[in-house]
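In: coords please:
(2 chains)
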Amino acid sequence: MARMKFLCDAERCIECNGCVTACKQENEVPWGVNRRRVVTLNDGVPGERSISVACMHCSDAPCMAVCPVDCFYRTEEGVVLHDKDLCIGCGYCFYACPFGAPQFPQAGAFGMRGKMDKCTFCAGGPEADHSAAEFEKYGSNRLAQGKLPACVEMCSTKALLGGDGDVVADIFRDRALKRGKGAEVWGWSTAYGKPDKPQQQAPKGAKS
Amino acid sequence: MIKTRRFVLVLAALAATAALAGCGESDQVIVYQQGKYQGKPDARPWDSAPGADGTYTTSKWNKGDKSSWESALRSRSLSQNEYARIGD
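Out: The predicted structure is shown next:
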C-alpha cells in the first residue's frame, strides 16, 4: 500500500466548506492561509460542479523538483511534506504547483512572506510525533493516531475520499458503477478498471 | 621612533584582528547535496502507539508494525464507502 491520495467526487460535493472548516480547526491554520478550499465551476448555473482542492501529494511532485533548498520529502506512505526550518519562503513551489497548494502566511514587518504552509495529509512534519513543536509548525498528526485527515472524515456527503489510493479508487469505482455516471471526471480506469482485472463495460444508457 | 613603533603595533593589531575575525564563525549553512532532502528526519506513523498522545482512537495496531498500521488505516478508509456500511 502506502500511496495516500485524495479524490473529490464532483457529483457529490455540495460546496458546504465543511472540509475547509475541519482543516482550519484541526490544524489551527492561521488567518489568510487556506490549506484546503472548495472551487466551484459555473456557479449559479444549472449543472454547476464543486470540488475540494488541497495538496494532492503528487507521486512526482513539481514542488520537490523546484525547491532550491530541498526542504521537501516524501514519506513511506506517499505523503509530501516539508521542513519549515529549511524553507526560505521563496515561492518557487507556489509557481510550480498546478493546484495552488502552497500557502504563504504574512509574517514579520511589512507583511513579509513567511515560510510555506500546505496540507500535510494530517501527517504532521519532521518533529517528534505529537509534540508541541510539530503541532505549532505543521498541525495535527492524525495518521500517527491511526486516523484519516480531518477534512475527509468530516465530509458529510463523503464526496471527499482519502486514504490509500487503491482503497479510494475501489470506493469510487463501486460508487460510479452503482449510480452509472461520474467516471468521466476522473478517468475510465479509476472508475471501471481494476489493474488486476480486465476492464468492465460501462452500464448501458449511462449518462453524466 | 616611538611614534613609528606605536604605528606599527597598531597596524599589526588591526591586521591580526582582521585576519582572525573569521575564526570564531561557525557554518551558517548545511552541507548541501544537490537533489537530496536536507531537513530533519521524520518519525513514521506506525512508530507511535495507538493513543500515545492521549487522544481517543478506535484504530488498533502494534507499535512499530507497519502492516498492522496499514490494515488499521485500510479498515478505517473502507468505512468511507456507505454502500458497504449500510448495504445496497
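In: Burial check on the closest residue to B:Gly64 other than its chain neighbours, number of neighbours?
Out: Among residues not flanking B:Gly64 along the chain, B:Asp47 sits closest, at 5.9 Å (Cβ to Cβ, 6 or more residues apart in numbering or on different chains). In this view, the C-beta of every residue, glycine as well, is placed from N, C-alpha and C. Residues lying near B:Asp47 (other Cβ atoms under 10 Å in any protein chain shown) number 15.
In: Test my guess that B:Asp47 contacts A:Ala128.
Out: No - contact between B:Asp47 and A:Ala128 fails when scored by Cβ atoms under 8 Å: they sit 10.4 Å apart.
In: that older thread, ramachandran coordinates for the residue nearest to B:Gly64?
Out: Here is the backbone geometry of B:Asp47 (degrees, to the nearest 10): phi -80, psi -20.
In: OK, contacts around it?
Out: Shown in contact with B:Asp47 (Cβ atoms under 8 Å, 6 or more residues apart in numbering or on different chains): A:Asp129, A:Ala144, B:Lys63, B:Gly64.
In: show me the contacts for the second one.
Out: The neighbours of A:Ala144, taking Cβ under 8 Å, 6+ apart as the test, are A:Ala123, A:Gly124, A:Asp129, A:His130, B:Ala43, B:Pro45, B:Asp47, B:Ser48, B:Ala52, B:Asp53.
In: is any part of the longest helix along chain A close to chain B?
Out: When chain A is parsed with DSSP state H, its longest helix is helix A:165-179. Yes - contact of helix A:165-179 with chain B (Cβ under 8 Å from any Cβ of the partner chain) involves A:Val167, A:Val168, A:Asp170, A:Ile171, A:Asp174, A:Arg175, A:Lys178.
In: where do the helices sit along chain B?
Out: Here chain B has its helices, by DSSP H, at B:2-20, B:66-78, B:82-86.
In: Show me the one of those that comes nearest chain A.
Out: Among these, helix B:66-78 comes nearest to chain A, with 3.3 Å by Cβ to the nearest Cβ.
In: A:Phe110 belongs to a helix, doesn't it?
Out: Yes - assigned with DSSP: H, G, I helix; E, B strand; the rest coil, A:Phe110 falls within a helix.
In: got the contact list for B:Gly51?
Out: So B:Gly51 contacts A:Gln145, B:Thr57 (Cβ under 8 Å, 6+ apart).
In: let's see it at 6 Å
Out: By Cβ atoms under 6 Å, 6 or more residues apart in numbering or on different chains, B:Gly51 lies in contact with B:Thr57.
In: give me phi/psi at it?
Out: Main-chain dihedrals, B:Gly51, degrees, to the nearest 10: phi 70, psi 20.
In: What pLDDT is listed against it?
Out: Reported pLDDT at B:Gly51 in the predicted model: 83.
In: likewise A:His130?
Out: Looking at A:His130, its pLDDT is 92.
In: Wait, a helix at it?
Out: No - secondary structure of A:His130, determined by three-state DSSP: coil, with no helix assignment.
In: I'd guessed it sits against B:Thr55; true?
Out: No - using Cβ atoms under 6 Å, A:His130 makes no contact with B:Thr55, being 8.5 Å away.
In: Show me which of these two is the more surrounded one.
Out: A direct count of neighbours by other Cβ under 10 Å for A:His130 and B:Thr55 places A:His130 higher, at 18 against 13.
In: Next, count neighbours for the residue nearest to the more buried one when sequence neighbours are not counted.
Out: Leaving out its chain neighbours, the residue that sits closest to A:His130 by Cβ to Cβ, 6+ apart is B:Asp53, at 3.6 Å. By other Cβ under 10 Å, 16 other residues sit near B:Asp53.
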